[in-house]
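Participant: structure for this input, please:
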Amino acid sequence: MSIELTLPRDFDDGVRHAASLGWQIASIAAPPAYIAFVLARRGRSALSLNSVFRASWIGGVAGTGVGALAGYTRLKATDATRIHEQAMLRRYDASKVRRDDFSMVGAALGAVLAPALFWNYARAWNMVLGGAGLGCATGVLVHLGKGTTGKATDTTERAPTQPS
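Facilitator: This is a model prediction of the structure:
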């Protein structure tokens, strides 16, 4: 299969990966930043679980948009061969795939567990979406923690070689 035929798929994959990475970073950064901002500006009485959930999902959505826009503009300025190389590296990087998997599993668990645990303390919409954001952050942090403690399994794969 030639590079010209796989370019649209590789381009879309790159933008999707950048959007996912933006969501992961924003999900980690938004809740602590919001809590620090509210505590510094308005005090502890203005902080509620509903507002933390809301900040989590709004931060995640903003991070997704910024990540997708950054990925799009970066890939628009890249040649087709380099886009294909990056896509192949991304598909066969076990650590990135595992981070994305932990992120998605954490988001699904957070979206289910947040309403189950905090039903009377926040609005349902904010609990489901904010729980997904907090779960995503938890999943990424668990993946990073496993990597730093050395408990992650080594599943290195080699990218397939192109036939000559």
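Participant: report the buried residues of the biggest helix by length in the chain.
Facilitator: Ordering each helix of the chain by length in residues (DSSP state H) puts helix 3-41 first. Using 16 or more other CB atoms under 10 Å as the test for burial, helix 3-41 gives 6-7, 10-11, 13-15, 17-28, 30-31, 34, 38. In this view, the C-beta of every residue, glycine as well, is placed from N, C-alpha and C.
Participant: repeat that for stretch 52-68.
Facilitator: Quick answer for stretch 52-68 (16+ other CB under 10 Å): 52-61, 63-64, 66-68.
Participant: starting at the chain centroid, how far to stretch 8-22?
Facilitator: Put simply, stretch 8-22 sits 12 Å off its chain's centre (CA atoms, centre = their mean, to the nearest Å).
Participant: so which residues make contact with it?
Facilitator: 63-68, 70-72, 74-75, 83-84, 86-87, 90-91, 100, 103 (CB atoms under 8 Å, 6 or more residues apart in numbering).
Participant: how about low-confidence regions in the chain?
Facilitator: Applying pLDDT under 70 to the chain flags residues 1-6, 150-164.
Participant: what residue lies at the spatial centre of it?
Facilitator: A centroid search over the chain (CA atoms, centre = their mean) returns residue 24, at 2.6 Å, as the residue closest to the centre.
Participant: surely that one and residue 140 touch.
Facilitator: Yes: contact status for residue 24 versus residue 140: in contact at 5.0 Å, counting by CB atoms under 8 Å.
Participant: find the residues that touch each one of those two.
Facilitator: 99, 103.
Participant: hey, where'd the helices end up in the protein?
Facilitator: Using DSSP H, helices in the chain cover 3-41, 49-76, 80-91, 94-118, 124-149.
Participant: buried ones in the last one?
Facilitator: Along helix 124-149, these residues count as buried under the neighbour rule (16+ other CB under 10 Å): 126-141, 143.
Participant: again with the shortest one
Facilitator: Judged by neighbour count (16+ other CB under 10 Å), helix 80-91 contains these buried residues: 83, 84, 86, 87.
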